[in-house]
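*Asks:* After the sequence you'll find the predicted model.
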Amino acid sequence: MSASLSAAGTLDPPRPDPAPRPEPLPTRLASLTSLRFFAAFAVFTHHFNGVGPGGGVWHVPALFPYSKIGVHGVTFFFVLSGFLLTWSHKPGGQRKIFYWRRIGRIYPAHLVAMALALFVFYVLGTDRTDVLSLVTSLLLVQTWFPQVVPNLPGNPVTWTLSVELLFYALFPLFIGRLKQLRTRALGLLTLAGLAGMWAVNCLADHYLGDHDAGWVMRHPVVYLPQFFIGVAFAIAMRRGYRLPLRPYAVVLLILAYTVVYTRADEWAGGTVAHQMETTVRPVVAVLSALLIAACVQNEAAGRSRLLTRRSLMLLGASSYAFYLVHQSVNEVIRLYWPGEPDSNVAIVFLVGAFLVSQTLAWLLYRYVEEPAQQWWSKRGPRPRPRQTGGKAVA
């Protein structure tokens, strides 16, 4: 950024970053819709397989311990939310319209899936809750309260929606200011945020008990850096910045990291494994941002044939509904078809649970999420006409 003297001898304001020569980028990012399915499936596989031998719904040794990385599929969703909202943001958008549309996007499917989860976990199952915990989970503010019962009340997977809501609340307030920052400043803020996330994890592990540390590491504020890296990448790419990466290279990098992360304890000892555990959230956020950027560039170049297939896009479109219902399906299997602690035969049940979850997800998406969102949008506030040359322009 530099300043110069005008003809009148005054100092002109600093010029923004000189943007590299940009290539045209797609406005509809079909490949990112498809990637949502893979992230949701990773979370599903983690929940089905559990965090240790004999855990989960029905443990599949062939997938363990690599399936443990699936829990961080939610990180991809956080990064993607920051990227997509920034990508589609238009200056002058009204905040009340943004908030209205976010409510219509999140709550209808959530409330229907909540009814299923309450029946499965609290009627068929043995979970217990109280009125406060139930209300917080219905409103999606449960992660703000450390004493909810159980730790993940209501539909247990919706703690991530509580995290999303904070970002949605903040996004219209700060996106304009963030777009005014130089790209280098955005990069430094991103690194600082991810370093802060690591520091909070270290401090929570060192000074807090398991319950309090778990609550801290699910707190919405802690996850804001993951959204921010998506915001920063979207702004940089809109300005013309590109990464010399292909999606397959990032996928290979993710697979290599997964192997090292899950085998760190036996390969390098407890100290290294602990450090990898405290850094996994920031690292997966960076890998997610790299994958998103590579896929956007690939789609712009016309090379994204797999991720733009209609079948994958439909799976991606219903991934939110899939995420909402899959743990309820897993719980039914755990209650009524308990398997042997360690058996690769359970892969059949995993596939069956996926198919049932996906069927319910499609019904929820097709008959609740999509029509409710359209109905809600039609009844919301309308954009104010823009004034151009003294005339209102719709």
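*Replies:* Sure, I can see it.

*Asks:* Could I get the phi/psi values of the closest residue to V356 other than its chain neighbours?
*Replies:* Excluding the flanking residues, the one nearest V356 by C-beta to C-beta, 6 or more residues apart in numbering is V329, at 5.2 Å. The C-beta positions use only the backbone N, C-alpha and C, and glycine is treated the same way. Per-residue torsions, V329: phi -60, psi -40 (degrees, to the nearest 10).

*Asks:* from memory V329 sits against A353, does it?
*Replies:* Yes. Applying C-beta atoms under 8 Å, one finds V329 in contact with A353, separated by 5.3 Å.

*Asks:* Could you report the pLDDT at P24?
*Replies:* Looking at P24, its pLDDT stands at 67.

*Asks:* where's L132 relative to H219, distance?
*Replies:* 18 Å (C-beta to C-beta, to the nearest Å).

*Asks:* now swap in V43 and tell me
*Replies:* For V43, the distance to H219 equals 19 Å [C-beta to C-beta].

*Asks:* cool, and G70?
*Replies:* According to C-beta to C-beta, G70 stands 22 Å off from H219.

*Asks:* cool, W144 as well?
*Replies:* Here W144 is placed at a distance of 8 Å from H219 (C-beta to C-beta).

*Asks:* what about those two, which has more around it?
*Replies:* Ranked by neighbour count (other C-beta atoms under 10 Å), W144 and H219 place H219 first, with 19 against 16.

*Asks:* I'd like the distance between that one and G240.
*Replies:* Relative to G240, and taking C-beta to C-beta, H219 is found at 36 Å.

*Asks:* go on, W362?
*Replies:* Distance of W362 to G240, computed by C-beta to C-beta: 39 Å.

*Asks:* same check, this time on K96
*Replies:* From K96 across to G240, the span is 32 Å (C-beta to C-beta).

*Asks:* what do you get for R305?
*Replies:* From R305 across to G240, the span is 25 Å (C-beta to C-beta).

*Asks:* the more surrounded of K96 and G240?
*Replies:* G240 (15 against 11).

*Asks:* can you confirm that one is in a helix?
*Replies:* No. G240 sits outside any helix when classified using DSSP: H, G, I helix; E, B strand; the rest coil, being coil.

*Asks:* pLDDT wise, what is it at?
*Replies:* Per-residue confidence (pLDDT) for G240: 92.

*Asks:* Look up how far L32 lies from it.
*Replies:* Distance of G240 to L32, computed by C-beta to C-beta: 19 Å.

*Asks:* In space, what's closest to A264 - neighbours in sequence excluded?
*Replies:* A273 (4.1 Å).

*Asks:* returning to what we had before: and the residue nearest to V356, how many neighbours?
*Replies:* Residue neighbour count, defined by other C-beta under 10 Å, stands at 26 for V329.

*Asks:* Return the residues in contact with it.
*Replies:* Neighbour list for V329: 353, 356-357, 360 [criterion: C-beta atoms under 8 Å, 6 or more residues apart in numbering].

*Asks:* What about the residue nearest to A264, how many residues nearby?
*Replies:* 16.

*Asks:* Please, which helix or strand holds L186?
*Replies:* In the assignment (DSSP states H and E), L186 maps to helix 183-207.

*Asks:* same for that helix, what does it pack against?
*Replies:* Packed against helix 183-207, as judged by 3 or more C-beta pairs under 8 Å, 6 or more residues apart in numbering; DSSP states H and E, are the following elements: helix 210-216, helix 224-238, helix 270-300.

*Asks:* Can you give the contact residues for that helix?
*Replies:* Residues from elsewhere that reach helix 183-207 (C-beta under 8 Å, 6+ apart): 17, 178, 181, 212-213, 216-217, 222-226, 228-229, 231-232, 235-236, 239, 241, 274, 277-279, 281-282, 285-286.

*Asks:* Next, the distance between the ends of stretch 140-147.
*Replies:* Separation of the first and last residues of stretch 140-147 by C-alpha to C-alpha, to the nearest Å is 15 Å.

*Asks:* Check which residues of it are buried.
*Replies:* Under the neighbour-count criterion of 16 or more other C-beta atoms under 10 Å, stretch 140-147 has 140-144 buried.

*Asks:* same deal with stretch 155-168?
*Replies:* Buried-residue list, stretch 155-168, by 16+ other C-beta under 10 Å: 155-168.

*Asks:* Tell me where this protein has helices.
*Replies:* 30-49, 73-87, 95-118, 131-139, 159-179, 183-207, 210-216, 224-238, 247-268, 270-300, 310-317, 319-336, 346-364, 370-378 (DSSP state H).

*Asks:* Redo the ones you listed as CSV? Include distance to H59.
*Replies:* Formatted as CSV, those follow (distance: least, C-beta to C-beta, whole Å):
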stretch, distance to H59
helix 30-49, 6
helix 73-87, 19
helix 95-118, 23
helix 131-139, 28
helix 159-179, 23
helix 183-207, 26
helix 210-216, 22
helix 224-238, 29
helix 247-268, 15
helix 270-300, 21
helix 310-317, 26
helix 319-336, 11
helix 346-364, 7
helix 370-378, 36
